[in-house]
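Peer 1: Fold the following for me, if possible:
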Amino acid sequence: MPVPRSFREPGPDLPGRPGRLLPGLATAAVALAAAFLVHRLVPALPAMTLAVVLGVLAANLPASGVWTAGRARPGLDFAGKHLMRGGIVLLGLKVSIMDVLGLGWLALVLIVAVVAASFGGTYLISRLFRLPPVTSLLVATGFSICGASAIGAMAAVRRIRHVDTVLPVALVTLCGTLAIGVLPLLVHPLQLSAPVFGAWTGASVHDVGQVVATAQTAGTAALGIAVVVKLTRVLLLAPVAALAGAHHRFAPRAGNAADRDNAKLPPVVPLFVLGFVAMVGLRSTGWLAEGWLEAGAALQDILLGAALFGLGSAVRIRTLLHTGGRALLAALASWFLIAVLGLAAALLIAG
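Peer 2: Just a heads-up that it's a prediction; the model follows:
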């Protein structure tokens, strides 16, 4: 059976022909402006989630679908891969080691335990639903750490094809959006205080923007602790990526000795992950003025938003319905598991 065009491995980016990228990058820029406009009008809708949704719409509407699968495809693939890495680097400017340490050692241990249990549990659930190992790995990474950013980082570390990140990004966006609507409805039935709800949101919702959209419904007390708990999870992106890179580099691989010797080994820690760590260190020094931090956050939103639109524009709903039924069930089961783990940790952290 031929592979649908939108799910084929994109060709290499050709630096000598930058004109190939312009149509797709321009399309992403227009879509991103629309996402920011809608977010400004309806703050409860995160701009990053809107970028993915607009990408999916662009891929599945007749006229725009031809465009995103044709002339715009090289630029959209470039955005989904390379701009994603730039956004991950700048994500480090949101994480301060001082804020993380301010949670206390018990909270830090609990957050690490939740991430580890979420990762292992989500991977196991995905495999039980017979998802491929690569898809299971990416879903587990995105659900347990920081959504699409973590999926992009893991894909780069493990040399996973860009096309294989499409389904995991769609699932993590769907479940993160589900949390925005569902978690606030449970505050009163579960009799949660604002700090506990904030800690629960930070420990269980996937993307930073989705955490903010969810936690702000319970006020500033919930939002403050939610962001710190979430950014502590984000900080774990670096060691998880390093461990994945070391395993991929040194673990035995199939094939004959000549093939293994000739294979280009990936770095243990990619440069963009080192850049993320460097930005965390820079933010933690306190040297950067608030204006620089705001500029970095704005640029990060632009890069990640364009990347997410590019990834969303590769999703074909018809193909997803035929191939992603089991994946959707696995994602919902994993979402429930992480919500339960996060609530247990939140009750211990802020209860």
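Peer 1: helices and strands of the chain: which one bottoms out on pLDDT?
Peer 2: helix 257-262 (a mean of 43; mean pLDDT, DSSP states H and E).
Peer 1: Quick check: next helix or strand after that one?
Peer 2: Later in the chain than helix 257-262, the nearest helix or strand by DSSP states H and E is helix 271-285.
Peer 1: Mind listing what's buried along that next one?
Peer 2: Residues 272-273, 275-277, 279-280, 282-284 are the ones in helix 271-285 that count as buried (16 or more other C-beta atoms under 10 Å). Heads up, the C-betas are built off the backbone N, CA and C, glycines and all.
Peer 1: What helices and strands are in contact with the helix or strand hosting A140?
Peer 2: Secondary structure from DSSP H and E places A140 in helix 133-141. For helix 133-141, the elements it packs on are helix 105-128, helix 148-157, helix 166-182, helix 325-350, judged by 3 or more C-beta pairs under 8 Å, 6 or more residues apart in numbering; DSSP states H and E.
Peer 1: quick one: it to helix 166-182, angle?
Peer 2: 30 degrees (axes from the mean of the first three to the mean of the last three C-alpha atoms, to 10 degrees).
Peer 1: which residues does the most centrally placed residue in the chain contact?
Peer 2: Central residue of the chain (C-alpha atoms, centre = their mean): A148, 1.8 Å from the mean position. Listed by C-beta atoms under 8 Å, 6 or more residues apart in numbering, the contact set of A148 reads 48, 52, 84, 142, 169, 172-173, 207, 304, 307-308, 311.
Peer 1: Check A58 too.
Peer 2: 27, 31, 64-65, 67-68, 309, 312-313.
Peer 1: Locate the closest residue to it other than its chain neighbours within the secondary structure: which element?
Peer 2: Closest residue to A58 apart from its sequence neighbours, by C-beta to C-beta, 6 or more residues apart in numbering: S64 at 4.4 Å. For S64, the enclosing helix or strand under DSSP H and E is helix 62-69.
Peer 1: Show me what secondary structure element comes after that helix.
Peer 2: Using DSSP H and E, the helix or strand that follows helix 62-69 towards the C-terminus is helix 73-78.
Peer 1: What angle do helix 271-285 and the helix or strand that comes right after that next one make with each other?
Peer 2: In the C-terminal direction, the helix or strand that comes right after helix 73-78 (DSSP H and E) is helix 84-91. Interaxial angle of helix 84-91 relative to helix 271-285 (the same axes, to 10 degrees): 20 degrees.
Peer 1: What distance do you get for A155 to G121?
Peer 2: From A155 over to G121 the distance is 21 Å, taken as C-beta to C-beta, to the nearest Å.
Peer 1: neighbour-wise, which of the two wins?
Peer 2: The neighbour comparison of A155 against G121 (other C-beta atoms under 10 Å) goes to A155, with 23 against 19.
Peer 1: If you rank the contacts of A148 by neighbours, which is first?
Peer 2: Counting neighbours by other C-beta under 10 Å, L308 comes out on top of these with 35 neighbours.
Peer 1: Next, count neighbours for the nearest residue to that one once chain neighbours are set aside.
Peer 2: Using C-beta to C-beta, 6+ apart and skipping residues adjacent in sequence, the residue nearest L308 is A51, 4.3 Å away. Look at A51: counted by other C-beta under 10 Å, it has 31 neighbours.
Peer 1: can you check the one 5 residues further on too?
Peer 2: As a burial measure, the neighbour count of V56 was computed by other C-beta under 10 Å and equals 22.
Peer 1: which residues sit in contact with it?
Peer 2: By C-beta under 8 Å, 6+ apart, V56 lies in contact with 170, 312-313, 315, 317.
Peer 1: still on that earlier bit, if you average pLDDT over the helix holding S64, what comes out?
Peer 2: Mean per-residue pLDDT for helix 62-69: 91.
Peer 1: per-residue confidence for E290?
Peer 2: So E290 comes in at 93 (pLDDT).
Peer 1: Lovely, talk soon.
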